[in-house]
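Enquirer: please find the sequence and the predicted model below.
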Amino acid sequence: MITEKQRKKAYQVDFSVLPLSDIVAAQASASSHVAGILGMTQDQAAALLRNFKWNKERLVERYMDHAQEILDKSGVVLNDVHTPQVKRPRGFVCMICFDDSSAGPAFGLRCGHVFCQPCYEHYLRQKIVEEGECRRILCPETGCDVVVDEPTIKKVVPAAVMSKYRQLQDRAYVSDLDNLVWCPAPNCEYAIECRLSHSSFTTIVPTVTCDCGHKFCFNCTLDDHQPAPCGLVKMWKKKCADDSETANWISAHTKECSKCQSTIEKNGGCNHMTCRKCKYEFCWVCMGPWSEHGTSWYNCNRFEESSSADARDQQAKSRASLERYLHYYNRYANHEHSAKLDRDLYTKTEKKMEEMQRTSDLSWIEVQFLKRAVDVLTSCRMTLRWTYAFAFYLARNNMTELFEDNQRDLEVAVEALSELLEKPIEREKIAELRQQVLDKTVYVESRREVVLEDTAKGLADGRWEFFVDFNK
Ligand SMILES: [Zn+2]
Ligand SMILES: [Zn+2]
Ligand SMILES: [Zn+2]
Ligand SMILES: [Zn+2]
Ligand SMILES: [Zn+2]
Ligand SMILES: [Zn+2]
């Protein structure tokens, strides 16, 4: 029987966290399988698979008819006696450094382009370390498209560069597979596997949590942005980048041309405005055409003129849409800012708690309730923040009211918890405060779940209507 606790919530997705060793093992297992079928070494099979985005079936099928072409493209030389290191031929001149001495090793591929060891190493190091190349490194000779095979690379470069090369291969493996992604947290070496199809991400927000603690979106790898779908997030971020810095300023200092809607800045006292784009001349005060104002003097008595009334109408509409945007944007931005303030406050409180723990009989566990409260608070603020972007694009229907009620309930709960954390901590009242904070934390979490559950179900059922199609 499935109990309530085990049942997956509508806003949760199945995923697993894979350590680097699993990624390495997965490549080894796939290449050993293919090596068995095609009769080659595991390293050679791996090189071929890398060029087929690890699609075993497609590789094996294509290999039947185009073996040599595939081998060449992947830089695989099946011949066992292949050795890249050559004796410097008589009259050898390295075409990179023009060294013509006969001492020291030189390397060349089957194309016959031979270069001295230091030049070859420098070239490969550049490709691997600087350019991050690990798929197809070509012969240093300009225009030659023979791929440098892995045994050659191994012979030429030092161990540190080779390990960088392996690391790049692991990165490439994960990015080649649709169901794998690296955790984007700095220095984190875990990959996440999620088997949902990419087409489902228009109606599911695939938030995953890495073992390092980082919570992010499997699809776009941005920080968790539930309940807003990836497409909406992308559109909103773009809008904010384009608009926010200037939006406040615009609302105070500019108007839109009533002919072409381009934004016009008033940079002097004169009310005779000329649109830079369409050359329309109008009056800043009444938005009416300047032609009706007389030419040499300022005359604005045509207030009831229908042309200026229409223009003001246009202006009002455009202003209203800006005001609407600012309404949502300010709330969106405010939660981000508040989350930072909550954290700052916590850092201060934490010191106090530690001190209290030292000077009183409180245990370490007993002073942890604030940390958990701040963590919950932060994630709730992030959720709230995205509910505002969500709401901005949401078309009003009979479902929106419920959404707004849920949003408000979460917001009220969040602010109450936030306020509680600002209370001065007194030794005598700590047990009382602890209970209050614990209760509020549980409550806030439950409100967050209501918001996430309702929005996720609505997305899955197609219950929400949006102004824009952000899945294009
Ligand atoms: Zn050289
Ligand atoms: Zn060559
Ligand atoms: Zn991680
Ligand atoms: Zn996303
Ligand atoms: Zn204009
Ligand atoms: Zn006027």
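Expert: Nice, thanks for sending it over. A quick note: this is a predicted structure, and the numbers were derived from the prediction, not measured. Ligands and ions are numbered 1, 2, ... in the order given.

Enquirer: helices of the stretch 351-472 of the chain, start to end?
Expert: 369-393, 400-422, 430-461 (DSSP state H, counting those that start in this stretch).

Enquirer: which one of those is the most hemmed in?
Expert: Ranked by mean neighbour count under mean count of other C-beta atoms under 10 Å, the helices of the stretch 351-472 of the chain are led by helix 369-393, which reaches a mean of 21. C-betas here are computed from N, CA, C, even on glycine.

Enquirer: that helix near ligand 4 anywhere?
Expert: No. Using C-beta under 5 Å from the ion, helix 369-393 stays clear of ligand 4, with a minimum separation of 10.3 Å.

Enquirer: which other helices and strands does that helix contact?
Expert: On a contact count with 3 or more C-beta pairs under 8 Å, 6 or more residues apart in numbering; DSSP states H and E, helix 369-393 meets helix 230-253, helix 306-359, helix 400-422, helix 430-461.

Enquirer: right, and the ones you listed - which one's nearest ligand 4?
Expert: Closest approach to ligand 4 among those is made by helix 230-253 (3.4 Å; C-beta to the ion).

Enquirer: next structured bit after the closest one?
Expert: strand 254-256 (DSSP states H and E).

Enquirer: of the helices and strands packed on helix 369-393, which approaches ligand 5 most closely?
Expert: So among those, helix 306-359 is nearest, using C-beta to the ion, at 11.2 Å.

Enquirer: returning to what we had before: may I see the helices and strands packed on helix 369-393 arranged in a markdown table, with mean pLDDT as well?
Expert: Formatted as a markdown table, the helices and strands packed on helix 369-393 follow (pLDDT from 0 to 100):
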| stretch | mean pLDDT |
| --- | --- |
| helix 230-253 | 76 |
| helix 306-359 | 78 |
| helix 400-422 | 90 |
| helix 430-461 | 93 |
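
Enquirer: can I get these in CSV including distance to ligand 3?
Expert: Formatted as CSV, these follow (distance: least, C-beta to the ion, whole Å):
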stretch, distance to ligand 3
helix 230-253, 19
helix 306-359, 20
helix 400-422, 26
helix 430-461, 22
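
Enquirer: quick one: those helices as CSV, columns for distance to Glu281 too.
Expert: Output for these, formatted as CSV (distance: least, C-beta to C-beta, whole Å):
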stretch, distance to Glu281
helix 230-253, 19
helix 306-359, 12
helix 400-422, 42
helix 430-461, 48
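
Enquirer: which of these sits closest to Ser29?
Expert: helix 230-253 (31.5 Å; C-beta to C-beta).

Enquirer: tabulate the helices of the stretch 351-472 of the chain (TSV), appending distance to Leu138.
Expert: Conversion of the helices of the stretch 351-472 of the chain to TSV gives the following (distance: least, C-beta to C-beta, whole Å):
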stretch	distance to Leu138
helix 369-393	45
helix 400-422	56
helix 430-461	47
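
Enquirer: between these, which gets nearest to Lys352?
Expert: Comparing these by C-beta to C-beta, helix 369-393 comes nearest, at 9.5 Å.

Enquirer: residues from the stretch 151-300 of the chain in reach of ligand 3?
Expert: Near ligand 3, when you scan the stretch 151-300 of the chain using C-beta under 5 Å from the ion, you find 183, 185, 188, 190, 210, 212, 214.

Enquirer: which residues touch the fifth one?
Expert: For Cys210, the contacting residues are 17, 183, 185, 188, 190, 192, 216, taking C-beta atoms under 8 Å, 6 or more residues apart in numbering as the criterion.

Enquirer: tell me how far the most centrally placed residue in the chain lies from Lys239.
Expert: By C-alpha atoms, centre = their mean, the chain has its centre lying nearest to Leu222, at 3.0 Å. Shown here: Leu222 relative to Lys239, a distance of 15 Å by C-beta to C-beta, to the nearest Å.

Enquirer: likewise for Ile96?
Expert: Counting by C-beta to C-beta - Ile96 and Lys239 are separated by 51 Å.

Enquirer: over to Tyr346?
Expert: 32 Å.

Enquirer: still on that earlier bit, thought the residue nearest to the centre of the chain was touching Phe216?
Expert: Yes. With contact defined as C-beta atoms under 8 Å, Leu222 reaches Phe216; the gap is 6.6 Å.

Enquirer: got the residues of this structure near ligand 2?
Expert: Proximity of the chain to ligand 2 is confined to 111, 113, 139, 141, 144, 146 under the rule C-beta under 5 Å from the ion.

Enquirer: in this protein, what helix or strand scores lowest on average pLDDT?
Expert: Least confident element among the helices and strands of the chain, by mean pLDDT, DSSP states H and E: strand 85-86 (a mean of 67).

Enquirer: most proximal residue of the stretch 301-450 of the chain with respect to ligand 4?
Expert: Counting by C-beta to the ion, the stretch 301-450 of the chain gets nearest to ligand 4 through Trp386 (10.3 Å).

Enquirer: now Leu71. Nearest residue, chain neighbours left out?
Expert: Leu78 (6.5 Å; C-beta to C-beta, 6 or more residues apart in numbering).

Enquirer: per-residue pLDDT of the one you found, please?
Expert: For Leu78, the pLDDT comes out at 82.

Enquirer: A strand includes it, no?
Expert: No. If the criterion is DSSP: H, G, I helix; E, B strand; the rest coil, then Leu78 is coil and not within a strand.

Enquirer: thought it was touching Met40?
Expert: Yes. Contact criterion C-beta under 8 Å: Leu78 and Met40 qualify, at 6.2 Å.

Enquirer: isn't Thr254 up against Ile264?
Expert: Yes. Between Thr254 and Ile264 there is a contact under C-beta under 8 Å: 5.9 Å.

Enquirer: comparing those two, which residue is more hemmed in?
Expert: Neighbour totals were compared for Thr254 and Ile264, and Ile264 leads with 21 against 15 (other C-beta atoms under 10 Å).

Enquirer: and Cys97, how many neighbours?
Expert: Neighbours of Cys97 using other C-beta under 10 Å come to 12.

Enquirer: host element of it?
Expert: Cys97 is part of no helix or strand, with elements assigned from DSSP H and E.

Enquirer: can you tell me which residues contact it?
Expert: Going by C-beta under 8 Å, 6+ apart, Cys97 touches 116, 118-119.

Enquirer: 7 Å instead, please
Expert: Contacts for Cys97 (C-beta atoms under 7 Å, 6 or more residues apart in numbering) come out as 116, 119.

Enquirer: domain ranges for the chain?
Expert: Segmentation of the chain into domains, based on automatic domain parsing, reads 22-74, 82-167, 232-461.

Enquirer: quick one: closest of the ones you listed to Asp178.
Expert: Closest among the domains of the chain, once you apply C-beta to C-beta, is domain 22-74, at 9.1 Å.

Enquirer: coming back round to it: which of the contacts of Cys210 has the largest number of neighbours?
Expert: Ile192 (24 neighbours).

Enquirer: report the secondary structure state of that one.
Expert: strand.

Enquirer: beta partners of it?
Expert: Val17, Val181 (DSSP bridges).

Enquirer: measure it to ligand 6 for me?
Expert: Taking C-beta to the ion, to the nearest Å as the measure, Ile192 falls 61 Å from ligand 6.

Enquirer: now do the contacts for that residue.
Expert: 15, 17, 181, 183, 208, 210, 218.

Enquirer: how about the contacts made by the last one?
Expert: When you say that, I think you mean Phe218. Contacts for Phe218 (C-beta under 7 Å, 6+ apart) come out as 15, 181, 192, 194, 206, 208.
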